[in-house]
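> sequence unknown, structure follows:
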């Protein structure tokens, strides 16, 4: 949801479904990382809590980013799902890029957010391989 008068964009990470298993248990310990990007550079990072031993986590976590109207056209968000590992590097499960210049489904969500300013717009997104 974007509120132009306040220059705030809110992203709600609701849930994931049928994630790829990354642990030897056949499950994952997923969390979501959101990078706020401006003109291709990282501005701010926010993360959800880790959900243990699940491939269908429910997060329902809200994140607010300050994005003024004059900067919104050059703003994007990389939303990545990762598997938390205690002993080694966290495993990437997938990601999606949301913003002005993205693939058709993501751009549709982005444009709808502006067409219906101040209203939450829920949308499923398919994760893409991060490699």
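Yep, that arrived. This structure is a prediction, so every number in the text was calculated from the model and none was measured.
> List the residues that contact residue 106.
By C-beta atoms under 8 Å, 6 or more residues apart in numbering, residue 106 lies in contact with 96-99, 125. For the C-beta atoms, the positions are set from N, CA and C on the backbone; glycine is no exception.
> Determine which two of the residues you listed are furthest apart.
99 and 125 (12.4 Å; C-beta to C-beta).
> The residue most central in space within the chain: what secondary structure?
Nearest to the mean C-alpha position of the chain, by C-alpha atoms, centre = their mean, lies residue 79 at 2.9 Å. Here residue 79 is recorded as strand under DSSP: H, G, I helix; E, B strand; the rest coil.
> likewise residue 109?
Going by three-state DSSP: residue 109 is helix.
> what's the burial count for it?
The tally of other residues near residue 109 (other C-beta atoms under 10 Å) stands at 18.
> Could I get the full set of strands for the protein?
For the chain, strands defined by DSSP state E occupy the ranges 2-3, 8-15, 30-38, 41-47, 58-66, 75-83, 91-99.
> strands paired with the shortest one, and their directions?
Take DSSP bridges as the rule and strand 2-3 pairs in its sheet with strand 8-15 (antiparallel).
> What residues of the partner strand count as buried?
9, 11, 13 (16 or more other C-beta atoms under 10 Å).
> show me what contacts residue 72?
2, 9, 100, 114.
> what about the third one, neighbour count?
Here the count is done by other C-beta under 10 Å, and residue 100 has 14 residues near it.
> next one: the one 3 residues further on
The criterion is other C-beta under 10 Å. On that basis, residue 103 has 13 neighbouring residues.
> and the gap between it and residue 60?
Distance, residue 103 to residue 60, by C-beta to C-beta, to the nearest Å: 26 Å.
> So residue 31 is in contact with residue 46, correct?
No - assessed by C-beta atoms under 8 Å, residue 31 is found out of contact with residue 46, at 10.9 Å.
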